[in-house]
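Enquirer: fold the following, please.
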Amino acid sequence: MEQSSGEEERWCQARRAQVAEYLRHEGVRHGRFGEWPAWHVAPYVSVWAIESGTTPDSVGWWVICGDGPTDYISAEEGRDHPREAVRTFATRWNEVASYMLRAEAHPTIELGSPRTWRELGPLLKSRAELLNSCAADDSVWQPAP
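Expert: Numbers count the residues shown, from 1 in each chain. Below you'll find the model as predicted:
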């Protein structure tokens, strides 16, 4: 889906606001984050590098936001590149989806309620597969010409 630069900018700004609200709601101590995602495919997914709350000028967190759950991981899990963060989110979501599909609560991550797992599990699994595909596709990570 081709978007105009104005549509893309509006989409990214809306995701940035969503990320800011999410971090506030989750109580994540953090520093600054950019006006633009570290990586994105508008209007589907964006990954944001969030400055550490304790180590200025270093990435402390990665946040994913878009057509799927808004979620965060520490930079220790996602390493130092958004591609690694995407892989980590994919692995995590696939694991959570597996629990949902077995109608079991994940030991550390809550998503939805048991009555919604039958519906959410396959959706989360498909998002995880798409993220894995993106992480594996070198062309998605090439700089723009």
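Enquirer: so the residue nearest the centre of the chain is in which element?
Expert: The chain has Ile64 as the residue nearest its centroid, 1.7 Å off, counting by C-alpha atoms, centre = their mean. The secondary structure element spanning Ile64 is strand 59-66 (assigned by DSSP states H and E).
Enquirer: and for that strand, what are the contacting residues?
Expert: Around strand 59-66, the neighbours that count as contacts under C-beta atoms under 8 Å, 6 or more residues apart in numbering are 15, 18-19, 22-23, 28, 30-31, 33, 38, 40, 43-54, 70-75, 77-78, 80, 82, 85-86, 88-89. (Glycine included, C-beta is placed from N, CA and C.)
Enquirer: flag every buried residue along that strand.
Expert: Neighbour counts using 16 or more other C-beta atoms under 10 Å place 59-66 of strand 59-66 among the buried residues.
Enquirer: for stretch 104-117, same thing?
Expert: For stretch 104-117, a neighbour-count test (16+ other C-beta under 10 Å) marks 111-112, 117 as buried.
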